[in-house]
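Peer 1: sequence first, predicted model second:
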Amino acid sequence: MKKAFIQLHIAVFLAGFTGILGKLISLNEGLLVWYRLLITVTSLWILYFIRGRFSKIKKRDLAKVFAIGAIAALHWVSFYGSIKYANVSISLVCFSAIGFFTALLEPLFFRTRLDKIELLLGLLVIGGIYLIFHFDPHYKTGIIIGLISAFLGSIFPILNRRMLERVSVDNMTLYELSGGFLFLSLLLPVYLHLFPTNYFFPDRMDWIWLLLLSWLCTVLAFNLSMKALQKISAFTVNLTYNLEPVYGILLAFLVLGENRFLNEWFYPGFGIILLAIILQMWRLWRKKSV
């Protein structure tokens, strides 16, 4: 359990950089995610082939893994869309709603009883988000897209947890991201028609940011979170990922100076979100010691 928490927190810390990199990359959200997956999937296939870790999985499982990858791709597109329409801080705090959505959805997928405490903790996070943005409505579009991203982001870890009972972490990572890439490649022409852009190819700095985003914040972080899911619940993983705004917003303050655009309600609202995370961690350690 302890090792799983360490792996999870490293993954969350790496994920905290994704918002900054998304802001620095000049591509629109659809192309950004497509290039991210292109680099990531190509790197994984080469790496797995060299190490001999590649193995086939059943066709039935392959279709399911590809579908989960499609959901993950849509989650990333909406996440970066929220950044483009608002800013890094707003997108990351909206991402905190993932705990609330997970508390509702996980019992449905696994046919278990609704955990009222988990639901209350998720609602506590929603309260923090409401407090932050209640007095700052001009980021409405970014907030809505950010909440859509949180909803999608709550689904694929739940589905991953079930699939990891039959598929190894390495295969899950490889095929899931490959499925996401194939899905987005098919969707991209339609997406670019609906959201046209004049900037299709990354420049030199974009390539640097994309490589960091793909290798550190995707391959390594994704693999670590998958391994953590083998030991701890999807709700705990998603709730812990609420630390992503902590790291990401601090970086946004330091690198982009976004604290200039946040109102005084940001800090108490953010404190409420942190309180929800601390309470859930305390519950888990208490259960373990009983």
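Peer 2: All right, it came through fine. Numbers count the residues shown, from 1 in each chain.
Peer 1: distance-wise, check W265 relative to L74.
Peer 2: Computed as CB to CB, to the nearest Å, the W265 to L74 distance reads 30 Å. C-beta here means a position set from N, CA and C on the backbone, and glycine is covered the same way.
Peer 1: should've said L229
Peer 2: Taking CB to CB as the measure, L229 falls 20 Å from L74.
Peer 1: which residues of the protein fall in helices?
Peer 2: Remark: helices assigned in the chain by DSSP state H are 2-15, 18-24, 29-51, 59-85, 88-95, 98-110, 116-133, 140-163, 169-194, 204-214, 221-229, 234-240, 243-251, 266-289.
Peer 1: could I get those helices as TSV with mean neighbour count and distance to N259?
Peer 2: Formatted as TSV, the helices of the chain follow (neighbours: other CB atoms under 10 Å; distance: least, CB to CB, whole Å):
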stretch	mean neighbour count	distance to N259
helix 2-15	18	20
helix 18-24	24	14
helix 29-51	19	24
helix 59-85	21	16
helix 88-95	28	8
helix 98-110	20	24
helix 116-133	19	13
helix 140-163	21	17
helix 169-194	19	33
helix 204-214	17	22
helix 221-229	22	25
helix 234-240	24	24
helix 243-251	22	9
helix 266-289	15	8
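Peer 1: can you redo those helices as JSON lines with distance to E258 and mean pLDDT?
Peer 2: Shown next, in JSON lines, are the helices of the chain (distance: least, CB to CB, whole Å; pLDDT from 0 to 100):
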{"stretch": "helix 2-15", "distance to E258": "18", "mean pLDDT": "84"}
{"stretch": "helix 18-24", "distance to E258": "9", "mean pLDDT": "92"}
{"stretch": "helix 29-51", "distance to E258": "18", "mean pLDDT": "92"}
{"stretch": "helix 59-85", "distance to E258": "11", "mean pLDDT": "93"}
{"stretch": "helix 88-95", "distance to E258": "5", "mean pLDDT": "85"}
{"stretch": "helix 98-110", "distance to E258": "21", "mean pLDDT": "84"}
{"stretch": "helix 116-133", "distance to E258": "13", "mean pLDDT": "83"}
{"stretch": "helix 140-163", "distance to E258": "12", "mean pLDDT": "89"}
{"stretch": "helix 169-194", "distance to E258": "27", "mean pLDDT": "93"}
{"stretch": "helix 204-214", "distance to E258": "17", "mean pLDDT": "95"}
{"stretch": "helix 221-229", "distance to E258": "22", "mean pLDDT": "81"}
{"stretch": "helix 234-240", "distance to E258": "23", "mean pLDDT": "70"}
{"stretch": "helix 243-251", "distance to E258": "7", "mean pLDDT": "80"}
{"stretch": "helix 266-289", "distance to E258": "10", "mean pLDDT": "76"}
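Peer 1: how about CSV for these, with distance to G257 added?
Peer 2: What follows is the helices of the chain, written out as CSV (distance: least, CB to CB, whole Å):
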stretch, distance to G257
helix 2-15, 22
helix 18-24, 12
helix 29-51, 22
helix 59-85, 15
helix 88-95, 11
helix 98-110, 26
helix 116-133, 18
helix 140-163, 18
helix 169-194, 31
helix 204-214, 18
helix 221-229, 26
helix 234-240, 28
helix 243-251, 11
helix 266-289, 14
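Peer 1: looking at those, which is nearest to R260?
Peer 2: helix 88-95 (10.6 Å; CB to CB).
Peer 1: and the closest one, how far out from the chain's middle?
Peer 2: 11 Å (CA atoms, centre = their mean, to the nearest Å).
Peer 1: what's the angle from that helix to helix 243-251?
Peer 2: 170 degrees (axes from the mean of the first three to the mean of the last three CA atoms, to 10 degrees).
Peer 1: change the start of the numbering to 30 and stick with it
Peer 2: From this message on, residue numbering opens at 30, which makes the last subject helix 117-124.
Peer 1: which other helices and strands contact helix 117-124?
Peer 2: Counting contacts by 3 or more CB pairs under 8 Å, 6 or more residues apart in numbering; DSSP states H and E, helix 117-124 packs against helix 47-53, helix 88-114, helix 145-162, helix 169-192, helix 272-280, helix 295-318.
Peer 1: angle of the second one against helix 272-280?
Peer 2: Going back to what we said before, that points to helix 88-114. Using the same axes, to 10 degrees: helix 88-114 against helix 272-280 is 30 degrees.
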